[in-house]
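Engineer: Sequence plus predicted model, see below.
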Amino acid sequence: MKLIPCARFHLSMRVLALMGLGICVAIARPANGADDDGPASLVGRPAPELTIKAYGSNRTINLKDYRGKMVVVDFFRAENASDLTGFDDVAEVERDYARKGVVIVGVSMDTNMPPLVNLLQKKPSIDWPIGFEWEGFATGNSQRWKASHKTGDNDFSVLWHVDYLVSPEGTVLWAGLPDLLDRAIEDQIKDHKPQIVDAAVMADATATLNKMTAAIAANNLGEALHQRKRIAAAALDDDDFAAQVKDADDKWQAAGEAALAAVDPLIDSKDYASAAAKLKDLSNGADGTPIGSKAKVKLIELQKNPDAKAALQTAEKNERADDALKVAQKFQDQKKDIQAYTRFKLIVKNFAGTPAAQTATSTIATYDADPDFKKQLAGAAASSASGGAASSQPAPDNAKPDPGRAKSLLSLANSYRDSGNADTARSKYEDVITQFPGTPEADAAKDEIAKLPQ
């Protein structure tokens with residue numbers, strides 16, 4: 001920039017009254033070359049210190065407080081600013097780039113306050129903090145930033161409006177007039193990206209997005225949606241991260257549409273059980289989304305089909321029987337033969353006609369053919385009749401399920417789950433399933449077992 005001499009101005013009314021001194025002020029205009037000692041000489045260097053009291057408040061502006069942001073330092077002199085369009089350029093930058101991590105700090109180089117007040121009245125769009133000091137252009141701030149230059153004992157060359165662009169790391173990237181500021185930001189922000197979102201928030205959001213994408217890759221749409229809901233909305237203020245999230249959303253949507261489309265061939269081939277299972281997974285996992293709504297509607301339509309309804313009832317019965325068989329076999333593996341025997345008999349009674357009931361019938365026959373077990377069973381029956389330890393065994397075959405007992409047992413299982421005792425909780429849930437088959441409590445227990453860590 002070239003400094004053009006202009007009329008003489010007073011340093012301040014107070015100084016003039018005491019000393020009768022004046023200063024020479026110059027106005028900056030762009031030139032092809034840059035003065036070696038002008039604002040452009042700061043480019044590429046660490047930004048000079050800037051500490052100044054904010055106009056209209058007790059706040060102190062300190063440039064170091066803005067690390068991580070891209071900062072526009074706006075030096076101006078309202079006392080001789082006949083053209084105010086430069087402030088419109090700065091206001092436009094704030095409007096367009098504030099969300100992208102750009103902040104503006106104004107520095108008034110005026111020697112008295114009325115011109116600054118008049119400027120703020122004319123330009124209500126100026127709402128960024130402005131530092132003001134009496135004899136502003138004669139202070140260390142103005143001289144360190146090359147916005148003013150001392151040419152004599154009491155004479156200064158002063159720029160009336162100049163902007164500096166400071167990187168998030170604190171380096172001066174550019175210096176020039178306000179009308180070129182937006183172009184400078186566009187050039188620099190790509191390589192000097194400001195921190196828009198709190199680092200801890202962004203780290204958590206990034207980790208959550210990684211879990212979401214991993215779940216999509218594993219075709220676990222329910223887990224993917226769960227992770228998506230955990231991404232903090234504030235993290236989406238970062239445009240690059242928001243683009244990554246949108247890409248993940250698009251992939252989730254595509255995976256959901258593909259999963260929904262895969263159900264039709266299953267229905268056409270009358271594999272109603274598999275079709276219903278996929279629709280249930282989608283309706284539950286994608287609950288609250290268009291995909292989830294479509295899956296629910298499709299499932300309801302499927303359940304209205306008489307052939308499908310019968311097949312689904314059979315499949316559900318087989319599934320419950322298989323769950324009960326697993327519990328009985330677990331007792332058998334643990335050598336708890338009386339408990340196992342009782343549960344095998346319940347399977348035969350409650351799930352007749354299922355493959356599990358056939359397996360249970362064969363196992364019961366093996367127990368009945370074992371003399372030692374028959375003695376053990378008789379002893380347990382006698383102890384039960386006399387109120388002994390065996391009274392804790394499951395109810396006999398002809399006992400009717402007690403709804404109150406089912407709820408109590410389910411509640412007990414939930415307590416173990418909540419306390420972190422997964423193994424005991426699983427055992428209690430299994431008791432609910434085998435002792436109270438076909439009840440809402442048994443269904444709830446089955447759902448809870450699926451959620452427990454393996």
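Structural biologist: Great, that's in hand.
Engineer: From what I see, A442 and V432 are in contact.
Structural biologist: Yes - here A442 reaches V432: they are 5.7 Å apart, a contact under CB atoms under 8 Å. Just so you know, the C-beta spots here come from the backbone N, C-alpha and C atoms, and that holds for glycine as well.
Engineer: Common neighbours of these two, please.
Structural biologist: Residues touching both A442 and V432 (CB atoms under 8 Å, 6 or more residues apart in numbering): A406.
Engineer: of those two, who's got more company?
Structural biologist: Ranked by neighbour count (other CB atoms under 10 Å), A442 and V432 place V432 first, with 28 against 22.
Engineer: what about the closest residue to G136 other than its chain neighbours, distance to P115?
Structural biologist: Excluding the flanking residues, the one nearest G136 by CB to CB, 6 or more residues apart in numbering is M109, at 3.8 Å. Look at M109 and P115: by CB to CB, to the nearest Å, they are 10 Å apart.
Engineer: In terms of neighbours, single out the busier of those two.
Structural biologist: Between M109 and P115, M109 has the larger neighbour count (other CB under 10 Å), namely 30 against 16.
Engineer: per-residue confidence at that one?
Structural biologist: Predicted confidence (pLDDT) for M109: 90.
Engineer: residue contacts, it?
Structural biologist: Contacts of M109 (CB under 8 Å, 6+ apart): 75-77, 136-137, 142, 147-148, 158.
Engineer: Look up phi and psi at the nearest residue to K150 once chain neighbours are set aside.
Structural biologist: Nearest in space to K150, with sequence neighbours left out and distances taken as CB to CB, 6+ apart, is F156 at 5.5 Å. Main-chain dihedrals, F156, degrees, to the nearest 10: phi -140, psi 140.
Engineer: who's in contact with the residue positioned nearest the centre of the chain?
Structural biologist: Geometric centre of the chain, nearest residue: I231, 1.4 Å, by CA atoms, centre = their mean. Residues in contact with I231 (CB under 8 Å, 6+ apart) are 205, 208-209, 212, 245.
Engineer: Which parts of this protein are strands?
Structural biologist: 2-10, 22-29, 51-53, 60-62, 70-76, 102-108, 130-132, 148-150, 156-158, 161-166, 172-176 (DSSP state E).
Engineer: who wins for proximity to T314 among the ones you listed?
Structural biologist: Ranking the strands of the chain by proximity to T314 (CB to CB) places strand 102-108 first, at 65.4 Å.
Engineer: Would you mind measuring from Q244 to D198?
Structural biologist: Remark: distance between Q244 and D198 (CB to CB) = 18 Å.
Engineer: between the contacts of I231, which is closest to T171?
Structural biologist: Among those, and counting by CB to CB, the member closest to T171 is A205, at 28.0 Å.
Engineer: what pLDDT does that closest one get?
Structural biologist: Per-residue pLDDT puts A205 at 93.
Engineer: same check, this time on S148
Structural biologist: Note for S148: predicted pLDDT of 88.
Engineer: Can you spell out which residues form a bridge with it?
Structural biologist: V158 (DSSP bridges).
Engineer: what's it in contact with, if anything?
Structural biologist: 109, 137-138, 142, 156-159.
Engineer: Export the residues you listed to a markdown table and append columns for distance to I189.
Structural biologist: Listed next are those as a markdown table, based on distance: CB to CB, whole Å:
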| residue | distance to I189 |
| --- | --- |
| M109 | 27 |
| F137 | 30 |
| A138 | 34 |
| S142 | 27 |
| F156 | 34 |
| S157 | 32 |
| V158 | 30 |
| L159 | 25 |
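Engineer: between those residues, which is closest to T85?
Structural biologist: Distances from T85 to the contacts of S148, taken as CB to CB, are shortest for L159 (16.1 Å).
Engineer: Run a quick neighbour tally on the spatially closest residue to F344 that is not a sequence neighbour.
Structural biologist: Nearest non-adjacent residue to F344, counting by CB to CB, 6+ apart: A360, 4.2 Å away. By other CB under 10 Å, 26 other residues sit near A360.
Engineer: so how far is K428 from A360?
Structural biologist: 22 Å.
Engineer: do I196 as well
Structural biologist: Using CB to CB, one obtains 49 Å as the distance from I196 to K428.
Engineer: Need the residues that contact stretch 356-364.
Structural biologist: 318, 321-322, 324-325, 328, 332, 341, 344-345, 347-348, 351.
Engineer: switch the cut-off to 6 Å
Structural biologist: By CB atoms under 6 Å, 6 or more residues apart in numbering, the residues outside stretch 356-364 that reach it are 321-322, 325, 344, 347-348, 351.
Engineer: Give the PyMOL command for selecting the buried subset of those.
Structural biologist: Here the buried members of those are turned into a PyMOL selection, burial being counted by 16 or more other CB atoms under 10 Å:
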select buried, resi 321+325+344+347+348+351
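Engineer: just to revisit the earlier point, looking at Q244 and D198, which one has more neighbours?
Structural biologist: For Q244 versus D198, neighbours defined as other CB under 10 Å are more numerous around Q244 (17 against 14).
Engineer: How about the contacts made by the more buried one?
Structural biologist: Counted by CB under 6 Å, 6+ apart, Q244 has zero contacts.
Engineer: one step back: let me have the contacts of stretch 356-364 in JSON lines, adding distance to G176 and pLDDT as columns.
Structural biologist: Output for the contacts of stretch 356-364, formatted as JSON lines (distance: CB to CB, whole Å; pLDDT from 0 to 100):
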{"residue": "A321", "distance to G176": "80", "pLDDT": "87"}
{"residue": "D322", "distance to G176": "76", "pLDDT": "90"}
{"residue": "L325", "distance to G176": "80", "pLDDT": "91"}
{"residue": "F344", "distance to G176": "87", "pLDDT": "91"}
{"residue": "I347", "distance to G176": "84", "pLDDT": "90"}
{"residue": "V348", "distance to G176": "89", "pLDDT": "91"}
{"residue": "F351", "distance to G176": "83", "pLDDT": "89"}
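Engineer: Please tabulate the contacts of stretch 356-364 in TSV and include distance to A54 as additional columns.
Structural biologist: Below are those laid out as TSV (distance: CB to CB, whole Å):
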residue	distance to A54
A321	76
D322	73
L325	76
F344	82
I347	79
V348	84
F351	78
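Engineer: nearest to V263, of the contacts of stretch 356-364?
Structural biologist: For the contacts of stretch 356-364, the nearest to V263 is D322 (23.0 Å; CB to CB).
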